[in-house]
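Undergrad: Provided below are the primary sequence and the corresponding predicted coordinates.
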Amino acid sequence: MPVTTSPLIIALDYPDLASAMAMADQLDPARCRVKVGKELFTRVGPDILTALHQRGFEIFLDLKFHDIPNTTAQAVLAAAEHGVWMTNVHASGGARMMEAAAKALTARNLKTQLIAVTVLTSMEQQDLADVGLDVTPLEQVERLATLAQQSGMHGVVCSARETPSLKALCGPDFLKVTPGIRPSFAQAGDQRRTMTPGEAMAAGSTHLVIGRPVTQADEPMMALSAIERELGGLA
Ligand SMILES: O=c1ccn([C@@H]2O[C@H](COP(=O)(O)O)[C@@H](O)[C@H]2O)c(=O)[nH]1
């Protein structure tokens, strides 16, 4: 049974265990999940997962693996063995890479949700052109989400702007985990393909990843409550 049915995943993007836990200790595992990303995990290591699990949180370990199939599969297995609820790879690593990662989990009967990043929410059309992709972000997201689903992923990371198309293309049960969430009171910063929490849920996101609008707010818990109020009835 899941600890929470909330769609909210709070990104604990902090440089050390103490700061991350100071935030986590204000959060309630019945009201949100938490995300541990590259900065925190690289600085602290698995101790952060132990500390968060001890407090009852379900964890999205967001390390976005992207390597040859064998290396990615073993890294995903290592992540799942920490008992995390969700982890991820980059879909642009290709079908064989994703299939190897999915197979590594099923062979061990591990239930960690494995999802694939399509196009980073910080990227817009020009960023794709710069790396030789002459397609719109939506076209690239649709292409990679289809490949991810065919390769055994449970869902994708995308922008909420793309979730209506992906719901039609991949079905309602395919997870659509959307960062780039910006409540009306927050700055976009480096994010480009953004939506408000209410818009994202209405568009069909299954999970909303929210970092700085909460963690960098003057009053983080007030910011989180405002988001929850906005989602009231939608989530
Ligand atoms: O496409 C992606 C994939 C991952 N992220 C991560 O989500 C959070 C967003 O944090 P904010 O502070 O709300 O911008 C962050 O940890 C990213 O690494 C993403 O933004 N976009």
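TA: Everything's here; your move.

Undergrad: Show the pLDDT at the residue in the chain that the ligand sits nearest to.
TA: Nearest residue of the chain to the ligand: Gly211, at 2.7 Å (C-beta to the nearest ligand atom). In this view, the C-beta of every residue, glycine as well, is placed from N, C-alpha and C. Note on Gly211: pLDDT of 98.

Undergrad: What's the local residue count around it?
TA: Residues near Gly211, counting by other C-beta atoms under 10 Å, number 20.

Undergrad: May I have the beta-bridge partners of the nearest residue to it once chain neighbours are set aside?
TA: Leaving out its chain neighbours, the residue that sits closest to Gly211 by C-beta to C-beta, 6 or more residues apart in numbering is Ala11, at 3.3 Å. In this entry, Ala11 is beta-bridged to Lys35, by DSSP bridges.

Undergrad: Looking at Ala11 now. What's its pLDDT?
TA: Model confidence at Ala11, given as pLDDT, is 98.

Undergrad: try the one 10 residues further on
TA: What the model reports for Met21 is a pLDDT of 98.

Undergrad: tell me the SS of it?
TA: Assigned by DSSP: H, G, I helix; E, B strand; the rest coil, the conformation of Met21 is helix.

Undergrad: Just confirm it contacts Ala51, I think it does.
TA: Yes - with contacts counted by C-beta atoms under 8 Å, Met21 reaches Ala51, the gap being 5.8 Å.

Undergrad: tell me the contacts of the most centrally placed residue in the chain?
TA: Nearest residue to the geometric centre of the chain (C-alpha atoms, centre = their mean): Val177, 5.2 Å. For Val177, the residues meeting the contact criterion (C-beta atoms under 8 Å, 6 or more residues apart in numbering) are Ile9, Phe60, Met86, Ile115, Gly155, Val156, Val157, Cys158, Ser205, Thr206, His207, Val209.

Undergrad: Quick one: name whatever helix or strand follows the strand or helix carrying Val156.
TA: For Val156, the element it lies in under DSSP states H and E is strand 155-157. Sequence order places helix 163-170 as the next helix or strand after strand 155-157, per DSSP H and E.

Undergrad: Which SSE is immediately downstream of that following helix?
TA: Past helix 163-170, the next helix or strand by DSSP H and E is strand 175-178.

Undergrad: If you drop the residues flanking it in sequence, what lies closest to Ala30?
TA: Nearest-residue entry for Ala30: Thr4, 5.4 Å, with adjacent residues in sequence omitted and distances by C-beta to C-beta, 6+ apart.

Undergrad: looking at this, that neighbour is in a strand?
TA: No - with three-state DSSP as the criterion, Thr4 is assigned coil and is not in a strand.

Undergrad: Surely it and Ile10 touch.
TA: No - applying C-beta under 8 Å, one finds Thr4 not in contact with Ile10, separated by 11.4 Å.

Undergrad: Would you enumerate the residues in contact with Val89?
TA: Taking C-beta under 8 Å, 6+ apart, one finds Lys64, Phe65, His66, Thr72, Val76, Met97, Met98, Ala101, Leu114, Ala116, Val117, Met153 in contact with Val89.

Undergrad: what's the answer for Thr121, then?
TA: Applying C-beta under 8 Å, 6+ apart, we find Thr121 in contact with Val157, Cys158, Ser159, Thr178, Pro179, Gly180, Gln191, Arg192, Arg193, Thr194.

Undergrad: Nearest to Leu231 among those residues?
TA: Thr178 (13.1 Å; C-beta to C-beta).

Undergrad: Tell me what the closest one is bridged to.
TA: Leu208.

Undergrad: pLDDT value on it, please?
TA: Reading off the model, Thr178 has pLDDT 99.

Undergrad: Which is the succeeding secondary structure element to the lengthiest strand in the chain?
TA: Criterion DSSP state E: the longest strand present in the chain is strand 59-65. The first helix or strand that comes after strand 59-65 along the chain, using DSSP H and E, is helix 69-81.
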